[in-house]
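Visitor: Quick one, what's the 3D model for this:
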Amino acid sequence: MISLDRASTPNPTAGRLRAPGAVLLVSCYELGRQPLGVAGPLALLEAAGFAPAALDVAVEAFDPARAGCARFVGISVPMHTALRLGVRIAARIREANPGCYVCFYGLYASLNADYLLREVADSVVGGEYQGPLVELVRALEAGDPRPIFGVQRRDGLNPPDRSPSLRSTPAPLPERRSLPALERYARLERDGRLELAGYVEASRGCKHMCRHCPIPPVYDGRFVVVPQADVLADIERLVEAGAAHITFGDPDFLNGPTHARRLVRALHHRFPRLTFDCTTKVEHILKHAELFPEFAESGCLFIVSAVESLSDTVLAHLDKGHTRADVQQALEILRGAEIALQPSLVSFTPWTTLDDYRDVLEWVAAEELVHYVDPVQYSIRLLVPPGSLLLESPAMTPYLGALDAEAFSYRWAHPDPEMDALHGRVSRVVEAAERDGEDAALTFQKIRALAGAPGPAPEAPRARRRPPRLTEAWFC
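Guide: Here you go, the predicted model:
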């Protein structure tokens with residue numbers, strides 16, 4: 001536990017945050033991407049007259065000297081893995097600089113506010129955090145104790161509405177000059193070559209309410225559109241930095257289908273050789289099937305979609321809005337447009353049977369998707385963070401345990417202990433494969449054997465080209 005008792009300590013930030021490096025923004029992990037969660041606030045803080053520094057510990061060594069110079073440290077936690085790493089980094093920051101003010105911001109900050117404020121953070125900011133984060137730094141610099149909408153503080157100076165802010169803030173373009181170069185991050189692998197990849201967002205939040213997703217408890221079915229001109233200008237900077245491929249990291253690129261279509265057309269007009277990928281729901285693939293031939297012609301190489309399961313029972317409990325039949329139809333729609341589907345999975349849930357697990361493996365083999373599914377997807381276990389809509393589901397109640405606050409998730413046990421044991425075995429195989437750089441087809445064969453799937457696992461077809469992919473797997 002980190003001591004946060006500053007009752008007798010003068011405000012360490014008042015009048016002292018405008019010096020270079022006095023404000024430090026830290027990214028711990030953003031799926032191998034140049035962290036937009038740092039680039040956006042950097043630009044806003046610079047526009048407000050501060051001189052912030054950045055540190056991405058996913059690709060840079062932790063620098064005690066840089067941490068020691070900071071008066072305010074903001075730690076970006078857009079995902080569960082980043083939060084777990086962020087808490088460790090906060091401990092190292094406190095070692096180097098005990099009087100530093102530490103703020104966690106991002107999606108997983110607001111979900112885990114109680115633990116963070118009790119154990120490690122002076123404040124947390126979630127939802128549309130950009131504006132409140134800058135307001136917080138301004139207030140600390142001025143010694144102003146006023147409550148700030150969207151900011152939860154350990155000292156109790158909170159506004160009456162403690163819900164995370166969902167107000168979008170007009171913002172300058174993300175500031176990427178302070179970040180490590182694109183060469184340090186995941187690349188696009190295509191036709192045997194590697195290309196630099198950039199990451200942008202055309203929207204934030206999501207209008208859907210999938211029960212297992214961390215976004216609904218924070219955004220409550222709302223999403224915010226980033227102006228097209230801003231997205232294109234940010235992409236232009238990335239292209240100038242060498243990017244040949246762009247990932248649209250929106251939780252769902254087709255939450256606003258008209259916005260997405262116009263953006264893709266404008267992008268292709270301005271950068272006709274640039275390729276891209278995006279993420280969207282299965283139901284959006286079906287509903288907007290007419291978009292994908294144009295997307296393909298405009299450079300779309302693959303689409304990530306949260307298939308999650310092929311069990312209609314599991315899909316219903318997760319409130320995914322699609323069925324197994326819909327998944328197959330979506331696959332055919334994208335194949336018809338010559339766009340690769342990269343399914344993401346929640347392979348282990350309380351309702352997933354061994355037959356369900358084997359069924360996914362057989363489908364992947366039959367549809368020749370072995371190289372389209374990152375092996376880590378076969379090991380993903382349902383995460384139930386604080387605030388999850390699953391906590392309100394009667395179907396979850398029989399399996400739900402206590403909150404493991406330090407793991408930022410509720411415990412749950414499968415009714416069949418063998419499924420929990422299988423999860424452990426698969427996880428070890430996947431971790432070893434990642435460490436050793438093992439081919440996905442070999443890892444798939446091992447997982448299939450662990451699950452007792454009938455018949456030999458087929459070899460990856462030699463005549464087929466490996467599909468385009470990013471060199472860092474998607475997971476939470």
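
Visitor: Where does the prediction get shaky in this protein?
Guide: Scanning the chain for pLDDT under 70 picks out the ranges 1-11, 160-169, 455-465, 474-476.

Visitor: 50 instead?
Guide: 1, 3, 6-9, 162, 164, 460-463 (pLDDT under 50).

Visitor: CA atoms of the longest helix anywhere in it as PDB?
Guide: Longest helix in the chain, counting residues (DSSP state H): helix 417-436. Extracted in PDB, the C-alpha atoms of helix 417-436 (Å, rounded to 0.1, in the frame of the first residue of the first chain):
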ATOM      1  CA  PRO A 417     -14.100 -27.100 -13.000                       C
ATOM      2  CA  GLU A 418     -12.500 -28.700 -16.100                       C
ATOM      3  CA  MET A 419     -13.300 -25.500 -18.100                       C
ATOM      4  CA  ASP A 420     -11.300 -23.400 -15.600                       C
ATOM      5  CA  ALA A 421      -8.500 -25.900 -15.800                       C
ATOM      6  CA  LEU A 422      -8.600 -25.800 -19.600                       C
ATOM      7  CA  HIS A 423      -8.300 -22.000 -19.500                       C
ATOM      8  CA  GLY A 424      -5.100 -22.300 -17.500                       C
ATOM      9  CA  ARG A 425      -3.600 -24.800 -19.900                       C
ATOM     10  CA  VAL A 426      -4.500 -22.800 -22.900                       C
ATOM     11  CA  SER A 427      -3.200 -19.600 -21.400                       C
ATOM     12  CA  ARG A 428       0.200 -21.200 -20.800                       C
ATOM     13  CA  VAL A 429       0.400 -22.500 -24.400                       C
ATOM     14  CA  VAL A 430      -0.500 -19.000 -25.700                       C
ATOM     15  CA  GLU A 431       2.000 -17.200 -23.400                       C
ATOM     16  CA  ALA A 432       4.800 -19.600 -24.500                       C
ATOM     17  CA  ALA A 433       3.800 -19.200 -28.200                       C
ATOM     18  CA  GLU A 434       4.000 -15.400 -27.900                       C
ATOM     19  CA  ARG A 435       7.400 -15.600 -26.100                       C
ATOM     20  CA  ASP A 436       8.800 -18.000 -28.700                       C
END
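
Visitor: Can you tell me which helices and strands it packs against?
Guide: Where contact means 3 or more CB pairs under 8 Å, 6 or more residues apart in numbering; DSSP states H and E, helix 417-436 is packed against helix 354-366, helix 440-451. Bear in mind the C-beta positions are built from the backbone N, C-alpha and C, glycine included.

Visitor: which residues touch the residue positioned nearest the centre of the chain?
Guide: Centroid check for the chain by CA atoms, centre = their mean gives residue 79 as the closest residue, at 4.9 Å. Applying CB atoms under 8 Å, 6 or more residues apart in numbering to residue 79 gives the contacts 29, 30, 31, 107, 108, 476.

Visitor: And those, which of them are buried?
Guide: 29, 30, 31, 107, 108, 476 (16 or more other CB atoms under 10 Å).

Visitor: Just put the helices and strands packed on helix 417-436 in CSV and tack on distance to residue 306 and mean neighbour count.
Guide: Output for the helices and strands packed on helix 417-436, formatted as CSV (distance: least, CB to CB, whole Å; neighbours: other CB atoms under 10 Å):
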stretch, distance to residue 306, mean neighbour count
helix 354-366, 14, 18
helix 440-451, 20, 19
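
Visitor: Tell me which of the ones you listed approaches residue 50 most closely.
Guide: Nearest to residue 50 among the helices and strands packed on helix 417-436 is helix 440-451; the distance by CB to CB comes to 44.7 Å.

Visitor: Which elements pack onto the closest one?
Guide: Applying 3+ CB pairs under 8 Å, 6+ apart, we find helix 440-451 packed against helix 354-366, helix 417-436.

Visitor: Nearest to residue 112 among those would be which one?
Guide: helix 417-436 (22.8 Å).

Visitor: ok, which stretches of the stretch 151-300 of the chain are strands?
Guide: 151-153, 187-190, 193-200, 203-205, 223-225, 245-248, 275-279, 300-308 (DSSP state E, counting those that start in this stretch).

Visitor: Save those as CSV, and put in distance to residue 132 and mean neighbour count too.
Guide: Compiled in CSV, the strands of the stretch 151-300 of the chain are given as follows (distance: least, CB to CB, whole Å; neighbours: other CB under 10 Å):
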stretch, distance to residue 132, mean neighbour count
strand 151-153, 5, 24
strand 187-190, 34, 20
strand 193-200, 22, 20
strand 203-205, 14, 23
strand 223-225, 14, 18
strand 245-248, 25, 23
strand 275-279, 26, 23
strand 300-308, 29, 24
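
Visitor: re earlier: the helices and strands packed on helix 417-436 into a markdown table, with extra columns for distance to residue 47?
Guide: Formatted as a markdown table, the helices and strands packed on helix 417-436 follow (distance: least, CB to CB, whole Å):
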| stretch | distance to residue 47 |
| --- | --- |
| helix 354-366 | 47 |
| helix 440-451 | 44 |
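
Visitor: Out of these, which gets nearest to residue 376?
Guide: Comparing the helices and strands packed on helix 417-436 against residue 376 with CB to CB, the closest turns out to be helix 440-451 (9.5 Å).
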